[in-house]
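Participant: no sequence for this one, just the structure:
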């Protein structure tokens, strides 16, 4: 794991985890024989081989790898002491030793990994397991419990460090970046059990043979993230295409996305929903790519025919977004972000809470950015003027509750709306919904 920021709280957190891990290592060192240290060396080398190919965690300067499997195998085959030392030493990289990683990070990683292995080893023994003697199926519950504890302590320590460093809630960081990894970590437990059994029956040569399947497991981590990144890049390309088509609305979708997320945070939506709001906010007008320039760039009011053509952009947008499976229910948010709370909107004439919450949030953010943006035929309204206009339309065009949440967000009253005032200042860059 690696973090770029420097905060006193973060350093204290790292130091605390290091001290806990160092205590576990010191305690475990007592009683280790020369043969035990040889086993530590063997498992450390195997773990180091896997650690050569870490996987980047999305939105974080942190990595994960299947090295946990090797140290978990050491726990089963040798014991908690050997596992703790193998976890601490086997994950050291050249850049750690060369000083290219800040020392608090190196110390944190050594401590939390040693602590994770020690705690998991203690749980394994307490649950009836006997390191060095794997008995199937009798020891399966103990192995599963130890694996769950190992993954839980490891992930909790890493998520906690990220949350402290960034100053965000623990569960938001977990949901955004690590929730997906937990099942994959637990999936490595059977591999660790097999590796431990091979080591006990075949010897050290089995560790060399184990590296290949572990690298295959690492590839499954990376493949998931690669597909996810491809979706994100596709969405960014669509937003750029819309910006290129209509320069007047350039930046509008990004600002709507940021404001929608701020509203979502105030509503305490999950991190998954916030991420979806960000993606849909940027793509809510993507259907305008299919609208004629003569209509899209018209500086005045639409004729009835032109207005009908412009209304089609929500259906075109939903059709485009539907092909991006990562967005899921976001397709409906794109389709219905021009519905009205009184049921007089389009395309479905949905009323009140029949309109998906995401679509209602996008509608409020969209309208606010439009009102506070300059266009060739109108000047931007001030924040207070825009809020007064939206309150006038609350209950008709907009969800009244969301209008008040918006007012709280752009008024700087909400801690969840970090950067909201900058958003308001940036709104004068242009962009409006016809």
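Facilitator: Nice, I can see it. Source: prediction; values computed, not measured.

Participant: what's the domain layout of the protein?
Facilitator: Here the domain parsing of the chain from automatic domain parsing is 8-229, 246-429.

Participant: With mean neighbour count as extra columns, can I get the ones you listed in TSV?
Facilitator: For the C-beta atoms, the positions are set from N, CA and C on the backbone; glycine is no exception. Output for those, formatted as TSV (neighbours: other C-beta atoms under 10 Å):
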stretch	mean neighbour count
domain 8-229	19
domain 246-429	19
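
Participant: mind checking how far stretch 98-117 is from the chain centre?
Facilitator: 22 Å (C-alpha atoms, centre = their mean, to the nearest Å).

Participant: returning to that earlier point: would you mind telling me which of the domains of the chain is nearest residue 235?
Facilitator: For the domains of the chain, the distance to residue 235 is smallest for domain 246-429, at 5.8 Å, taking C-beta to C-beta.

Participant: For the spatially most distant residue from the centre of the chain, list the residues it contacts.
Facilitator: Largest separation from the mean C-alpha position in the chain: residue 303, at 44.4 Å (C-alpha atoms, centre = their mean). The contact partners of residue 303, by C-beta atoms under 8 Å, 6 or more residues apart in numbering, come to none.

Participant: Give me the distance between it and residue 309.
Facilitator: Noted for residue 303: a distance of 9 Å to residue 309, by C-beta to C-beta, to the nearest Å.

Participant: quick revisit: for the residue farthest from the centre of the chain, phi and psi?
Facilitator: phi -80, psi 160 (degrees, to the nearest 10).

Participant: pLDDT wise, what is it at?
Facilitator: Looking at residue 303, its pLDDT reads 87.

Participant: ok, it to residue 310 distance?
Facilitator: 10 Å.

Participant: Kindly report the same for residue 296.
Facilitator: 8 Å.

Participant: swap in residue 411?
Facilitator: 32 Å.

Participant: go on, residue 332?
Facilitator: Taking C-beta to C-beta, one finds residue 332 at 20 Å from residue 310.

Participant: Residue 67 too?
Facilitator: Taking C-beta to C-beta, one finds residue 67 at 55 Å from residue 310.

Participant: can you check residue 80 too?
Facilitator: Distance from residue 80 to residue 310, by C-beta to C-beta: 67 Å.

Participant: what do you get for residue 134?
Facilitator: Following C-beta to C-beta, the distance that separates residue 134 from residue 310 is 68 Å.

Participant: Tell me who's in contact with residue 23.
Facilitator: No contacts exist for residue 23 under C-beta under 8 Å, 6+ apart.

Participant: any idea which helix or strand carries it?
Facilitator: Assigned by DSSP states H and E, residue 23 belongs to helix 8-29.

Participant: Against residue 87, how distant is residue 198?
Facilitator: From residue 198 to residue 87 the distance is 19 Å (C-beta to C-beta).

Participant: measure residue 153 to residue 254 for me?
Facilitator: Residue 153 is 39 Å from residue 254, by C-beta to C-beta.

Participant: what does residue 336 give?
Facilitator: On the measure of C-beta to C-beta, residue 336 and residue 254 end up 21 Å apart.

Participant: With residue 118 instead?
Facilitator: Distance from residue 118 to residue 254, by C-beta to C-beta: 46 Å.

Participant: And for residue 171?
Facilitator: 26 Å.

Participant: those strands in this structure, which residues are they?
Facilitator: Using DSSP state E, the strands found in the chain span residues 55-56, 63-64.

Participant: what ranges of the stretch 1-150 of the chain fall below the confidence cut-off?
Facilitator: Residues of the stretch 1-150 of the chain meeting the criterion pLDDT under 70: 1-7, 52-66, 94.
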